[in-house]
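J.: structure, please.
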Amino acid sequence: MKENKFAVLGGDMRSFHLASLLRADGMKVHTYGFDKLDAEEVSSLSDVLQKSDVILGATPCCSSPGVLNTPFHDGCLHAADVFSTMRASQLFIAGRVPGDMVQAMNARGIRVVDILEREEMAVLNAIPTAEGAIQLAMERMPITLHDANALILGYGRIGKILAKMLQGIGARVHVATRKLSDAALLRSYGHQYVLYDALDARLGEMDVIFNTVPKVLLHRDNLRYVRKDCVLIDMASKPFGVDFDASRDEGLTVIWAPSLPGRVAPVTAARYIYETVQSIVREGEESV
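T.: All right, here's what the predicted structure looks like:
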């Protein structure tokens, strides 16, 4: 990468460590939104933006509509205050950037890249996500994962890595799927598959259920089949995969587990972000 100047705007410990990695690589880095960590940062948001070529937001980008995700900031950082100050020549990189924010920035000529839409980032990010989910399960389950029945809802990037890790621990891995092609693949990997049409009949067998799908699959009608000692871990974004109100009514243990990479392995997750940012910036330079 050429000697770009970076701004890191808020985020969790991944972003904090990302700034350190960039500095270690000889980059000029300004940070804003980490005042609770006593970090050295520029006091003015406009100064940070004016001095930078690449603006790095959080993953996820926003904590609520129009508000950037800044858990270590005493104030509230509005997205409009950021993109209204940015220049057309700048690049904005963050995770899960809302569509209206992308449109507003594009209208000002600002290039926006959602880092979670990059395949290399999505795959690498699934590793600490799966490890974190397993850690939560171990903390809450009264039995070992070894020899336990574990159900995974969804067989995307996270589901695939999670299934492999659980199998390595010795769990009996079941994966819910709608595709017969996935069912064949699951059999070849030594996993059991459960067709969604037959899901209700299998829920009572499970000791732990992991959801990765942002669609309500466990609802009031089928949660009654889940055993009271089963642990449910939902890693999906809204609208989630578990009906939380219905699960409480059934007396079930449900753990919502967003942003696991930043919670369980922020240094590793920061390195993955750093590597992906390098690729994004390099590709932008080559296209000029």
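
J.: and the most centrally placed residue in the chain, how close does it get to residue 167?
T.: By C-alpha atoms, centre = their mean, the chain has its centre lying nearest to residue 259, at 4.5 Å. Separation of residue 259 from residue 167 (C-beta to C-beta, to the nearest Å): 25 Å. C-beta coordinates here come from the backbone N, C-alpha and C atoms, glycine included.

J.: residue contacts, residue 33?
T.: 9, 10, 11, 41, 68, 70, 72, 73, 77 (C-beta atoms under 8 Å, 6 or more residues apart in numbering).

J.: can you give me the strands for the protein?
T.: For the chain, applying DSSP state E gives strands covering 5-9, 28-32, 54-56, 62-64, 67-68, 91-94, 111-114, 149-153, 172-177, 192-195, 208-211, 231-234, 253-256.

J.: show me what the longest one is packed against.
T.: Helices and strands touching strand 172-177, as assessed by 3 or more C-beta pairs under 8 Å, 6 or more residues apart in numbering; DSSP states H and E, comprise strand 149-153, helix 157-169, helix 180-188, strand 192-195.

J.: quickly list the domain ranges of this structure.
T.: 5-117+265-287, 122-257 (automatic domain parsing).

J.: follow-up on the earlier one: show me which pair in the contacts of residue 33 is furthest apart.
T.: 41 and 68 (14.6 Å; C-beta to C-beta).

J.: quick one, which of those two is more surrounded?
T.: Shown here are residue 41 and residue 68; by other C-beta atoms under 10 Å, residue 68 has more neighbours (25 against 19).

J.: now do the same for the closest residue to that one other than its chain neighbours: its pLDDT.
T.: Among residues not flanking residue 68 along the chain, residue 77 sits closest, at 4.3 Å (C-beta to C-beta, 6 or more residues apart in numbering). Note for residue 77: predicted pLDDT of 94.

J.: do I have it right that residue 4 meets residue 278?
T.: No. Using C-beta atoms under 8 Å, residue 4 is not in contact with residue 278, being 10.3 Å away.

J.: run through the protein and note the low-pLDDT ranges.
T.: Applying pLDDT under 70 to the chain picks out residues 1-2, 39-43, 285-288.
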